[in-house]
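[1] Using only what follows, build the 3D model:
(2 chains)
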Amino acid sequence: MKKRGRGMACMWYPIGFTVLANPSAATVKVNTDGTATLLTGTVETGQGALTVLGQIAAETLGLSTDDVHVVSGDTDVTPMDTGAIASRTTYVTGNAIVKAAEKAREILFEAAAPLLNVKPNQLEARDKRIQVLGFPSSSIPISDVVQHSESVVGNPAIGSASYNPPTLAMDPETGQGKPFNTYVYATQIADVEVDDETGEVEILKIVAVHDCGTPINPMLVEGQIQGGISMGVGFALQEEILFEEGRQINPNLTNYIMPTSLDMPELEVGLVDNYDPTGPFGAKGAGEPTAVPTAAAIMNAIYDAVGVRITSLPATAERVMMAILEKQDSEKTAATG
Amino acid sequence: MLIELRVNGELRSADVPPETTLLKMLREHLDLPGTKLGCDVGDCGTCTVIVDGVSVNSCLLLAGRAKGSEVTTIEGLANSNTLHPLQQKFEEYGALQCGFCGPGMLMSAKNLLDNNPTPTVYEVRDALAGNLCRCTGYTKIIEAVVDVSRDMKAESDA
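    Below you'll find the predicted structure:
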């Protein structure tokens, strides 16, 4: 008989390692055509990092994302970055980009201030213009300010900066400290159906709610969460590297089984709109944490459905069936015992 | 052996060794590298092309078997001005991440809509089940395909 169950799992995940140096550097230059060029050492792996980093530069400079040309991952020209790892890109590289873009912006403020008869700290960059705070009518196009700064003031608008989450040694006696600069949180809930005669588990739906600070690009965060859940689903029910005498016996996708479009349940993703004052525009991160609670939620749902705890993944039909049979045996023994 | 076939509406030919797969012929002899080589044993689906109205893993089909066939590859979807509606929706939805499954995913989706313009969500999932994706969880891909079919229906109803 097919039995339904619901399980939940919560997690936290650390962002911005502080025990050892973990820097990112960035260079931002603003061009006379009103565009900007961002140099970053990190790379795009499909997660949309370069879009998000371009958005961060654009927001700081009052430009649109289309105006920012991102040059990445070329050690000939781009500054050092610890890398697209550890769910750190938006947070660490993003912070470096904010600082670099602010330096370039400061040069533009200094050039524009005398033209607008105000002090540099009374200016803001918005809608592709440098304007007096709150007075859009008193403004100059950024392209003109760049031109003026270059050929009259003699100070081209360029900024380089780096960000390193403040390195803090752990207490040598207690081993305690603050190993990361910030943390993200999430809850995922899984609805499953377990066949108690075959052990087969079908996931009906997963709801995932994540706090990753202020999402810079909600669509890309959703994509990260959906992808992370698919990895969690594979981890929970299908994926297993099998060894025999030290050799992997399932080294290809014929027998290393990963989720297909038919294995993925309906997903519902929610973002908790939070603000982290240490992140770029309030953002933290969203990569690895997306896959953390999925398998635990599914295992709890299996327990809710058929009352067995699966403690060795993946929860294949064989493993779930064995656990159900063991439970039935022990119940029988207890009854007759 | 000389193989002549029609690729994306154009008559093409190449002299290839008999063991050449259609995938290898497309990529290495016809200069069409949009179709990707993934697992090379028919598991991942990124080499999917449409041959005479059927979506196939081109890594498993000998070029000789495709002689005289009508083949559509990912290069046949967009022209220099506009993307195919599927490509447009994939972009809108952020349906691809690393993108390596993209060419195969799009060809499977196109073949589905060619044969069944108003598929159910299950039929979309079923049609894409031979195309593995490690990044996206398939959700946005499925939504994009469903949206294209909705648009097609709205157009034909109008």
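[2] A:Pro179 - how many residues pack around it?
    13 (other Cβ atoms under 10 Å in any protein chain shown). For glycine as for every other residue, the C-beta is placed from the backbone atoms N, C-alpha and C.
[3] what's the answer for B:Glu123, then?
    15.
[4] Near chain A, which residues of chain B are found?
    B:39, B:41, B:43-44, B:93-94, B:96-99, B:124-126, B:128-142 (Cβ under 8 Å from any Cβ of the partner chain).
[5] Can you list phi and psi of A:Ser139 for me?
    Main-chain dihedrals, A:Ser139, degrees, to the nearest 10: phi -150, psi 160.
[6] doesn't A:Ile130 make contact with it?
    Yes: when contacts are counted by Cβ atoms under 8 Å, A:Ser139 is listed as touching A:Ile130 (6.3 Å).
[7] coming back round to it: in strands, which of the residues of chain B next to chain A appear?
    Of the residues of chain B next to chain A, none are assigned to strands by DSSP state E.
[8] ok, now which ones touch residue 126?
    Since you didn't name a chain, this refers to chain A. A:Arg126 is in contact with A:Gly62, A:Pro136, counting by Cβ atoms under 8 Å, 6 or more residues apart in numbering or on different chains.
[9] Please refer instead to chain B.
    A:Ser261, A:Leu262.
[10] ok, which stretches of chain A are helices?
    A:49-61, A:94-116, A:142-148, A:218-237, A:294-306, A:317-336 (DSSP state H).
[11] The closest residue to A:Gly213 other than its chain neighbours - how many residues pack around it?
    Excluding the flanking residues, the one nearest A:Gly213 by Cβ to Cβ, 6 or more residues apart in numbering or on different chains is A:Lys284, at 3.7 Å. Using other Cβ under 10 Å, A:Lys284 has 31 neighbouring residues.
[12] Can you give me the end-to-end span of stretch A:210-224?
    Taking Cα to Cα, to the nearest Å as the measure, stretch A:210-224 stretches 11 Å from start to finish.
[13] So which bits of it are buried?
    A:210-217, A:220-224 (16 or more other Cβ atoms under 10 Å in any protein chain shown).
[14] Can I get the residues you listed in a markdown table including pLDDT?
    As requested, the buried residues of stretch A:210-224 are arranged in a markdown table below (pLDDT from 0 to 100):
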| residue | pLDDT |
| --- | --- |
| A:His210 | 98 |
| A:Asp211 | 97 |
| A:Cys212 | 96 |
| A:Gly213 | 97 |
| A:Thr214 | 97 |
| A:Pro215 | 97 |
| A:Ile216 | 97 |
| A:Asn217 | 97 |
| A:Leu220 | 97 |
| A:Val221 | 97 |
| A:Glu222 | 97 |
| A:Gly223 | 97 |
| A:Gln224 | 97 |
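[15] want to throw those residues into JSON lines with distance to A:Ser24?
    Shown next, in JSON lines, are the buried residues of stretch A:210-224 (distance: Cβ to Cβ, whole Å):
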{"residue": "A:His210", "distance to A:Ser24": "23"}
{"residue": "A:Asp211", "distance to A:Ser24": "23"}
{"residue": "A:Cys212", "distance to A:Ser24": "18"}
{"residue": "A:Gly213", "distance to A:Ser24": "17"}
{"residue": "A:Thr214", "distance to A:Ser24": "19"}
{"residue": "A:Pro215", "distance to A:Ser24": "20"}
{"residue": "A:Ile216", "distance to A:Ser24": "16"}
{"residue": "A:Asn217", "distance to A:Ser24": "18"}
{"residue": "A:Leu220", "distance to A:Ser24": "19"}
{"residue": "A:Val221", "distance to A:Ser24": "20"}
{"residue": "A:Glu222", "distance to A:Ser24": "25"}
{"residue": "A:Gly223", "distance to A:Ser24": "22"}
{"residue": "A:Gln224", "distance to A:Ser24": "19"}
